[in-house]
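Engineer: no sequence on hand, only this structure:
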């Protein structure tokens, strides 16, 4: 009996993986500043080329990110 669904590209091996985007602390601070200015999360996500959930994660960790930036500046 033939399969009910055609094989997906992933199953065949033709799918290409997207490269993981690592955002620097500087980029994360820019994201936080844009959100503070009132820009929407989906607009910020499009501008940085990341998913909206990434922006939400950055927003939820705002305190830790800003503390990390402050301590890294103090060390210079």
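Structural biologist: On my side now, so go ahead. No experiment lies behind these values; they were computed from the predicted model shown.
Engineer: please make it C-alpha for all contacts and neighbour counts, starting now.
Structural biologist: Will do.
Engineer: which residues touch residue 2?
Structural biologist: Contacts for residue 2 (C-alpha atoms under 8 Å, 6 or more residues apart in numbering) come out as none.
Engineer: secondary structure element for it?
Structural biologist: Following DSSP states H and E, there is no helix or strand that holds residue 2.
Engineer: for it, report the pLDDT, please.
Structural biologist: Looking at residue 2, its pLDDT is 72.
Engineer: for the residue nearest the centre of the chain, give its distance to residue 20.
Structural biologist: Geometric centre of the chain, nearest residue: residue 54, 3.4 Å, by C-alpha atoms, centre = their mean. As for residue 54, its distance to residue 20 is 12 Å (criterion: C-alpha to C-alpha, to the nearest Å).
Engineer: then residue 4?
Structural biologist: 33 Å.
Engineer: got the buried residues for the helix or strand that contains the residue nearest to the centre of the chain?
Structural biologist: If you go by DSSP H and E, residue 54 is part of helix 52-60. Using 16 or more other C-alpha atoms under 10 Å as the test for burial, helix 52-60 gives 52, 55, 58-59.
Engineer: how about the helices in this structure?
Structural biologist: Ranges of helices within the chain are 9-12, 25-36, 41-48, 52-60, 62-75, based on DSSP state H.
Engineer: switch those over to TSV; also include mean pLDDT.
Structural biologist: As requested, the helices of the chain are exported to TSV (pLDDT from 0 to 100):
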stretch	mean pLDDT
helix 9-12	59
helix 25-36	97
helix 41-48	97
helix 52-60	97
helix 62-75	89
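Engineer: thinking again about what came up before, spit out the contact partners of the residue nearest to the centre of the chain.
Structural biologist: By C-alpha under 8 Å, 6+ apart, the contact list for residue 54 reads residue 45.
Engineer: want to throw the buried residues of helix 52-60 into a markdown table with distance to residue 24?
Structural biologist: Below are the buried residues of helix 52-60 laid out as a markdown table (distance: C-alpha to C-alpha, whole Å):
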| residue | distance to residue 24 |
| --- | --- |
| 52 | 17 |
| 55 | 13 |
| 58 | 11 |
| 59 | 14 |
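Engineer: tell me which of these is nearest to residue 37?
Structural biologist: Nearest to residue 37 out of these is residue 59 (C-alpha to C-alpha; 13.0 Å).
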